[in-house]
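In: Please work out how this folds:
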Amino acid sequence: MLDDTIRNAMSAELRDLLGYWEAQSARRGGALPHRNSMVALDLAERCPAVMPHVWMLDVERDPWRFRFRMISRSIRQSGADAGIAQVGRYLSDLEGKRDWHPLYLAMVRVCESCQPDYRSGTPNITPQPGIIRLERLSLPLAHDGRTVDVILSATLYRRADGSIVL
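Out: Down below sits the predicted model:
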């Protein structure tokens, strides 16, 4: 689990998403939430500020591959390689984002640890002009409660004034 230092550094929007994920895990007796338990309508009601920033990856193993299942409008418009980051494409389709890239390594870490992954800092993938920081939370989901098969993430892109890009 994320320690209190990281949790306290997180934006309120991502803390709400983490809390919702933790509640869904608790409802399953501590097992990882299933994709269907993270219902979009319920998520939109409980975490409305984060919904425009959500994206999901399907997980493939042997070798690790991550395919975009869903990408919100904000991610498509703010993130780099927007033409490539499309539903059905692979994370590795992003030019130069191979198995050594920090985002790829973070997704592998989520799968292997079955734990959330949080990052705040300068984007590793060149964003649209005016974006200087990002904050990303990635959460493991598993149909069987143990083996991660989907990763739910939210990325907040921020301008120099600290405002979130919508």
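
In: switch to C-alpha atoms for all contacts and neighbour counts from now on
Out: Fine.

In: Confidence-wise, which helix or strand of this protein is lowest on average?
Out: Within the chain, judged by mean pLDDT, DSSP states H and E, the helix or strand with the poorest mean is helix 73-78; its value is a mean of 71.

In: counting contacts, what elements does the very next helix or strand once past that one pack onto?
Out: Scanning the chain past helix 73-78 towards its C-terminal end, the next helix or strand to appear is helix 102-113 (assignment: DSSP states H and E). Other helices and strands packing on helix 102-113, by 3 or more C-alpha pairs under 8 Å, 6 or more residues apart in numbering; DSSP states H and E, are strand 117-121, strand 131-141.

In: now the longest one: mean pLDDT?
Out: When you say that, I think you mean strand 131-141. Averaged over strand 131-141, pLDDT sits at 94.

In: could you give the angle of it to strand 117-121?
Out: With axes from the mean of the first three to the mean of the last three C-alpha atoms, to 10 degrees defining the directions, strand 131-141 sits at 180 degrees from strand 117-121.

In: For strand 131-141, C-alpha coordinates in CSV please.
Out: Once non-C-alpha atoms are left out, strand 131-141 reads as follows in CSV (Å, rounded to 0.1, in the frame of the first residue of the first chain):
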residue,chain,number,x,y,z
ILE,A,131,2.0,21.3,-19.4
ILE,A,132,4.9,21.2,-17.0
ARG,A,133,3.9,18.5,-14.4
LEU,A,134,1.8,15.4,-14.1
GLU,A,135,0.4,13.3,-11.3
ARG,A,136,-0.5,9.7,-12.0
LEU,A,137,-2.1,7.0,-9.9
SER,A,138,-2.3,3.5,-11.3
LEU,A,139,-4.5,0.8,-9.7
PRO,A,140,-4.5,-2.9,-10.2
LEU,A,141,-7.8,-4.7,-11.1
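
In: Neighbouring strands - and their directions - for that strand?
Out: Taking DSSP bridges as the criterion, strand 131-141 forms sheet pairs with strand 117-121 (antiparallel), strand 150-159 (antiparallel).

In: can you give me the angle that strand makes with helix 102-113?
Out: Orientation note: strand 131-141 sits at an angle of 20 degrees relative to helix 102-113 (the same axes, to 10 degrees).

In: And the first one, by the same measure?
Out: Between strand 117-121 and helix 102-113, the angle comes out at 160 degrees (the same axes, to 10 degrees).

In: List the contacts of strand 117-121.
Out: Residues outside strand 117-121 that contact it (C-alpha atoms under 8 Å, 6 or more residues apart in numbering): 2, 6, 106, 109-110, 133-139.
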